[in-house]
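Novice: return atomic coordinates for the entry below.
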Amino acid sequence: MRKRYYAALAGLVVAAAGIGVPAAATAGEQQAENERKSCQRAFDRAVWEDMDSYNKRDEARYRAIIHQNMVTVGRKGNLYIGYAANVEPVVNEQFKLPYEWSMPWTVTHTVVENCSMGFAILDAYYKVPSQNVNRHYTISLTLVREHGKWQVIKDTVTDFVP
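Specialist: Numbering: from 1, shown residues only. From the prediction side, this is the model:
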């Protein structure tokens, strides 16, 4: 009788262990997937924040999304290194142009690594209707996440070549 009891008990323990391990792995995998999705949403929101603050000429929002060590490679190969070199010309010159301009954009590709860095490729147009300007660009934004906040650390603007 005792042997049957112990055998049955051992069977229950083995069965419970077999059922519990996959359930725990599934719960862990689900949590990791939820964290990955949350990170991706925060990254996507930061890319949107950069481009939206730029288009709306919102100096405070634009300043907040730019990393202190930002580097920009312009469409003609011009290089801007550091926060002031990247932000000041935008807010003091481009945001104050006496005519309307816009840069509509679409994200075509993103990669986020370990919720600490990522990049987005954008298809964008610089439009100035009053001057008949409609330039097509590919923009590559690299963002880093520090202290829970995503910021743009690198921006590369390239003329689109069909």
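
Novice: residue contacts, the spatially most central residue of the chain?
Specialist: Nearest to the geometric centre of the chain sits Phe43, at 3.1 Å (Cα atoms, centre = their mean). By Cβ atoms under 8 Å, 6 or more residues apart in numbering, Phe43 lies in contact with Thr110, Val112, Gly118, Ala120, Leu143, Arg145, Trp150. For the C-beta atoms, the positions are set from N, CA and C on the backbone; glycine is no exception.

Novice: closest one to Trp101 out of those, please.
Specialist: Ala120 (21.5 Å; Cβ to Cβ).

Novice: partner residues bridging that closest one?
Specialist: Counting by DSSP bridges, Ala120 is bridged to Thr110, Leu141.

Novice: who are the contact partners of it?
Specialist: Contacts for Ala120 were tallied using Cβ under 8 Å, 6+ apart; they are Phe43, Asp44, Val47, Val107, His109, Thr110, Ser140, Leu141, Leu143.

Novice: which secondary element of this protein has the worst mean pLDDT?
Specialist: Ranked by mean pLDDT, DSSP states H and E, the weakest helix or strand in the chain is helix 2-55, scoring a mean of 75.

Novice: other residues contacting stretch 150-162?
Specialist: Applying Cβ under 8 Å, 6+ apart, the external contacts of stretch 150-162 come out as 42-43, 45-46, 50, 65-67, 69-75, 86, 118, 123, 135-145.
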